[in-house]
Structures are given as C-alpha cells and as structure tokens.
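K.L.:
give me a model of this one.
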Amino acid sequence: MKSNLAKNGLIFLVITLFVLSSVLPVVFGNESRLVEEDVELENLAFICREPNDFNGVKYEYYKQQLIRQRSSEDNYYDVVVEPENTVVQIESKVTPLSFGPMDSAWPMKCHDNHHTSRSPYNTIDTSAEKWRFYSSGSVDDTPVIDSDGIIYFKGAYNYLDRYLIAVYPNGTLKWRYKTGGLIWGSSPAIAEDETIYVGSWDTKLYALNPDGTFKWKVGSGGSISSSPAIAEDGAIYFGTMSSGNSIVAVNPNGTIKWKYKTGYSIVSCPAIGDDGTVYIGSGDTYLYALWPNGTLRWRFKTGDYVKAPVSIADDGTVYVGSYDGYLYALYPNNGTLKWQCGIGYGTDSNPSIAFDGTIYASGDKLYAIYPNGTMRWSFNLGANRWIGLSSSAISADGTIYVGTRIGDAVGGEIIAVNPNGTERWRKHIADEWVDSSPSIAEDGTVYIGSSYDACEGYLHAFGTVESNEPPSAPVITGETNGNAGDSYTYTFVSNDPENYPVKYFIEWGDNTTTGWTWEYESGEEVEISHTWSEEGTYEIRAKAMDISNEESEWGTLKVTMPKNKMLVNSPFLKFLQNHPHTSLILRQLLGL
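P.N.:
Numbers count the residues shown, from 1 in each chain. Next up is the predicted model:
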C-alpha cells in the first residue's frame, strides 16, 4: 500500500514538474515581452518629446512601426540589462588598426568628428530636384556618402523601418540590408576601410561591408538612437537608451571596449576632439566629456534635456544646445562656461560651424551666432514653421541647407539660406515633416530625406540638371467596366530617361481633372481614385511632366460605366428581381 502511494506520489511530482516546465517559460516569457514593449514605448516617448511640445503624430507612426515589426518575426530582440557599475571595460583580443572616418564627401552625421556640418564643395545651382528614391517609411536621418558617391540611409521596405539602404548617385538601388529592429535616430557612419556602421533599436551596432553583406554585430545593452562616430584608432562611439543609458565604445573587430553609464537615455550623437576626448549629451541634462579610456574628464549641467549633437570649433570650443533654450560654449580643458546665448525654446539639432566660425543653431528660427556668443542674425522660417531634428549643412560657398516642419505634421520643406541670412530658395517636399539632416556630395548635390505621407517618404537629390528628355507617356491600368457612383482606383506609371521626379495631369473624360499632382519618383506606381456619376463610356487621359517642365505624350484608357449604382442598389430594382414575370415590361422599358 505504502509502495503504491509512494509510486503515485512520484508520478504526480513528475507530471507537476513537467507542467510547470512547460508553463513557466511562457508566463515569464510573456512578462519579459511586456517589459520589453514598455521599454520601447518609454524610448519612443522620450524621442518624441520636443522642446516646445510632444509630437503625437510621430509617436503614433513609430508605435505602429514597433507593433508591425514585432508581428513580423517570432523573436524580435531581447533587452539586456546593464551591470550596475558605471564603466565596463573589456580588453580586445585583436589590436585595432588605425582607420577613422572615410575621406569622402559626407561620411557620417554632421560630416566629421567635430560635427561642423560644413562641406568643402560648392553648391552653385541646387534648386532643381534631380531625382527622388521611394521608401515605404519615413526617411528621417542623415544620408551619408562614400568615396564612390554611394548614398547610405535608413529607409523602409514592405513598410518596415529597419533597413539600411544603399543608392547609386543616379538614384537607383544598390542594396538593402534588414536589421533586427527599428532604425531611427542612428545615421550610418563609414570607416576608412569602407565598413559601414549603424545602430538599431534591437540594441545592436551593425557593421556591414560595402556590398551590403554582414560583417558583425554587437549588443550594447540598450536601444540605439544615436549616430556613431569613428575615432582615428577605429573605435566606434555612440549612446544608448533606457536599460542602457550608456556611452558605449566598440573596437573595430566588434568587441566592447568600455561603457559609461549616465543618468538617463542618450540620443545625442558623440563628437570627438583632436585629443580623443568624446563629447556627448544625455537626457539627464548633462554634457559629458570622457577620456578615450572611458573615464570621466568633466561634465557640464544644463537646465534640461541634452538631445542634440555636440560640435567642436577649430579652437577646441565645445558647443551644445539644450531644451532649456540656450546654446552653450564651453572650454574643452575643464568644461567651464565660455558663454551662453538664447535660441528660442531650445533645440534638437547640431550647432553647425561655418568656415568663418559662425555657429548656426536651430529651433523656432535659424540662428546665426558669432564665435563670441553675440547674435549675428536670425532667419524667420515662415508662418507656423520650425526646425526639429534637421541639422544645418553648410556648403563651401556659405549656403546653409536645413529641413523644416509645418504645423502639427502637415508639411515640410528644404530651405536654402544665404550666409547673410536671406532666403535663397525653398521647396515643399513633404506632407508630414522633414527631420532629415542634409548632406552635400562632391558634385554639389544636396541629399535630404522626407516623410511626405503616412508610412511613406523619399530620399531627395537637389542639384544641377545637365540634360533632359521628356518622360514616357503614362501607362494606365485599372477597371475598364464598372458602375456609375462607385469609386475606382487607377495606377499611373511614367518613366523619365534621366530618372527625374514626375508629376501627372489626369483628365477623367467627364469634364473633371486632377490638375498637376504631387511629384513622384520616376517609375513609381501612383494610385489615384475617381468616381463617375453618370453612365457612359469615358476616356482617361494622363500626361507626365518632369522637373524641367518637359511634358510627355498622353496615355489613355477607355472605361465603361453601363449601370448607375443608385438604380442597381435601389429597392425598386430588388422588387423587379424578386418578381421576374410581373416586371418584364418594366425591365424592357427601363432597359435593364
């Protein structure tokens, strides 16, 4: 009897342990996933907090991106909890080689390790848009350029904002690489050995070869929304958010060099001084200066978040903007205040530095400040316009390029400003916002990204148009038979020989037209809907026009609307359908 009881007890214990081993991982796995999602939303809320407001439109857009990405893969990524100690130092097994940023037109965010955002190349005539490259998601970060003129930027494919995209100088695709998480806030950086580095919200720093193949990745302990900087010894520096909250140094072989923990999330981008000092801001309100070995040199407290990149003048002066409404100039040796200058309600963007030392800071206006801290001029952006994350780019001729937002995510522009503070030109390129920071190529082409509509954006190229042929006649596809009163969607496609953007003029055959549409990428499938109110046969006619106002031949498609939707769906017709014998004469009279 006792033997049976013992045996039954043992069986019960085994079954219980089996059930618990099956259930507990699911329970704790779900808890872990919920914690992970909370961390992501906390990061998102931090980034969408702006000096003057909270960007709810952008928050909802990227929240949907995070949800879409979680559902696209079973295991999105794991959040790694950081050790408690401030500095974590790990010796590399391989001695790093000496290679800093690539010697190219624009190898990293803000151009160089000092974040001057100034180009050695002129931009004589840049008001024409040469081409645009479509992305099924916002293009918000800085497009960087290698020595062959290839442009690298964060974009989307299949509506997932987790791709690094490489595009040839003529605007055609070279390759796409999908990371394990959202890319937002981390613009790529290119090393002298052609390795491309980019951070992702999956906590990883990725290293890619120039052909788009994987080289290595390393976990940082927190989501990355900070653009990497590459030191002369090859070390890569960036910041992390939430569970990380750290300044991270990675060796060029993909091993962690050290980490320095701050008091809050970091989305600021590091600048590197000539002596190797790393400067970066944190959400804990401090600007940090770290020695190359990861120990603190000094820190400077501002009155609010420091989310903007840091820049360094030729004499070593360190500039940083804060949400407290000031631009600060600091002495590099000890971090003491040199001067401070009011710049409206604060800034998210880099204090770019011109060749003559003028500092350009952004916010409610574009501000030009002398190196002694006095205001040179301020440029009024226009009604209900302001500068968000876009950092100014400066050409060799002194022209300043920057992206703007209009209202509550209802539009965006690129503006070119002369060095004396007068407007050179501007163009509306987005129906939501332009937060991308411009970059300048060797031939003077200016690249900038946009969010022109919900879940869609472009990389734009502005420069000199050297030759031009008209675009092809649009090809029109869609329903050719239908019911009057119903809405039908048609697709229009025109290809431009020079790959210039095209817009369309559509006649629907019922004395209505679209007028000239928004500009689209050459070869992009454009969907436009129309409803015919009367029965009949109609001819849809469409023509395309490129940026030089060269017009195509007409493309046509005939459609027939033989029945009126109101009559087809009317109770009277249903009566006729239910009484076929008694309604034959009426059907003949009505022609049904």
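K.L.:
going forward, measure contacts and count neighbours with C-alpha atoms only.
P.N.:
Noted.
K.L.:
wait, residue 43 sits on residue 244?
P.N.:
No: the pair residue 43 and residue 244 does not pass the contact test of Cα atoms under 8 Å, sitting 11.0 Å apart.
K.L.:
what residues are shared contacts of those two?
P.N.:
223, 265 (Cα atoms under 8 Å, 6 or more residues apart in numbering).
K.L.:
who has more neighbours, those two?
P.N.:
residue 244 (28 against 23; other Cα atoms under 10 Å).
K.L.:
so that one makes contact with residue 261?
P.N.:
Yes: using Cα under 8 Å, residue 244 is in contact with residue 261, at 7.3 Å.
K.L.:
show me where pLDDT drops low in the stretch 1-150 of the chain?
P.N.:
1-37, 58, 68-98 (pLDDT under 70).
K.L.:
for the nearest residue to residue 358 once chain neighbours are set aside, grab the count of nearby residues.
P.N.:
Closest residue to residue 358 apart from its sequence neighbours, by Cα to Cα, 6 or more residues apart in numbering: residue 370 at 5.0 Å. Neighbours of residue 370 under the rule other Cα under 10 Å: 14.
K.L.:
give me the pLDDT value at residue 370.
P.N.:
At residue 370, the model reports a pLDDT of 98.
K.L.:
residue 499 now?
P.N.:
Looking at residue 499, its pLDDT is 87.
K.L.:
please begin residue numbering at 607 from this point
P.N.:
Got it, the first residue is 607 from now on, which makes the last one we talked about residue 1105.
K.L.:
leaving aside the residues next to it on the chain, what's closest to it?
P.N.:
residue 1128 (5.5 Å).
K.L.:
that neighbour against residue 1098, yeah?
P.N.:
No: checked against Cα under 8 Å, the pair residue 1128 and residue 1098 is beyond contact range at 11.0 Å.
K.L.:
for the residue positioned nearest the centre of the chain, which non-adjacent residue is spatially closest?
P.N.:
Geometric centre of the chain, nearest residue: residue 746, 2.4 Å, by Cα atoms, centre = their mean. Leaving aside its sequence neighbours, residue 746 sits nearest to residue 1042 (Cα to Cα, 6+ apart; 4.4 Å).
K.L.:
over to residue 856?
P.N.:
Using Cα to Cα, 6+ apart, the closest residue to residue 856 is residue 862 (4.5 Å).
K.L.:
the one you found: neighbour count?
P.N.:
Other residues near residue 862 come to 21 when the count uses other Cα under 10 Å.
K.L.:
assumed residue 1105 was part of a helix.
P.N.:
No: counting by DSSP: H, G, I helix; E, B strand; the rest coil, residue 1105 is not found in a helix; it is coil.
K.L.:
contact partners for it?
P.N.:
Neighbours of residue 1105 in contact, by Cα under 8 Å, 6+ apart: 736, 737, 776, 777, 1127, 1128.
K.L.:
my read: residue 1158 touches residue 1076, true?
P.N.:
Yes: using Cα under 8 Å, residue 1158 makes contact with residue 1076 at a distance of 5.5 Å.
K.L.:
please identify every residue contacting each of these two.
P.N.:
Common neighbours of residue 1158 and residue 1076 (Cα under 8 Å, 6+ apart) are residue 1151.
K.L.:
which SSE is residue 783 in?
P.N.:
strand 779-784 (DSSP states H and E).
K.L.:
so where's the stretch 957-1106 of the chain uncertain?
P.N.:
Using pLDDT under 70, the flagged stretches of the stretch 957-1106 of the chain are 1060.
K.L.:
so residue 649 belongs to a strand, correct?
P.N.:
No: counting by three-state DSSP, residue 649 falls outside a strand, being helix.
K.L.:
more neighbours: residue 1128 and residue 1098, which one.
P.N.:
Applying other Cα under 10 Å to residue 1128 and residue 1098 shows that residue 1128 carries more neighbours, namely 25 against 22.
K.L.:
surely the more buried one forms part of a helix?
P.N.:
No: secondary structure of residue 1128 (three-state DSSP): coil, not part of a helix.
K.L.:
against residue 892, how distant is it?
P.N.:
Relative to residue 892, residue 1128 is positioned 46 Å away (Cα to Cα, to the nearest Å).
K.L.:
residue 882 now?
P.N.:
Between residue 882 and residue 892 the computed distance is 19 Å (Cα to Cα).
K.L.:
the two: which has the busier surroundings?
P.N.:
Set residue 882 next to residue 892 and count neighbours by other Cα under 10 Å: residue 892 wins out with 23 against 15.
K.L.:
bridge partners for that one, pull those for me.
P.N.:
residue 907 (DSSP bridges).
K.L.:
let me know whether it touches residue 908 as I believe.
P.N.:
Yes: between residue 892 and residue 908 there is a contact at 6.0 Å, judged by Cα under 8 Å.
K.L.:
ok so, going back, strand partners (parallel or antiparallel) of the strand holding residue 783?
P.N.:
As assigned by DSSP bridges, strand 779-784 forms pairs with strand 766-773 (antiparallel).
K.L.:
how far is the partner strand from where the chain is centred?
P.N.:
Offset of strand 766-773 from its chain centre (Cα atoms, centre = their mean, to the nearest Å): 10 Å.
K.L.:
rounded mean pLDDT for that strand, please.
P.N.:
Here the average pLDDT along strand 766-773 is 94.
K.L.:
what's in contact with that strand?
P.N.:
Counting by Cα under 8 Å, 6+ apart, residues outside strand 766-773 touching it are 671, 674-675, 742-744, 756-763, 779-790, 806, 818.
K.L.:
now a PyMOL select for only the buried ones of those residues.
P.N.:
Filtering those down to the buried ones (16 or more other Cα atoms under 10 Å) takes a single PyMOL command:
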select buried, resi 671+675+742+743+744+756+757+758+759+760+761+762+763+781+782+783+784+785+786+787+788+789+790+806+818
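K.L.:
just the contacts of strand 766-773: which are in strands?
P.N.:
Mapping those onto strands (DSSP state E) picks out 757-763, 779-784.
K.L.:
can you give me the helices in the stretch 657-806 of the chain?
P.N.:
For the stretch 657-806 of the chain, helices defined by DSSP state H, counting those that start in this stretch occupy the ranges 662-678.
K.L.:
can you check the stretch 1057-1198 of the chain too?
P.N.:
Under DSSP H, counting those that start in this stretch, the stretch 1057-1198 of the chain gives helices at 1171-1174, 1177-1184, 1190-1196.
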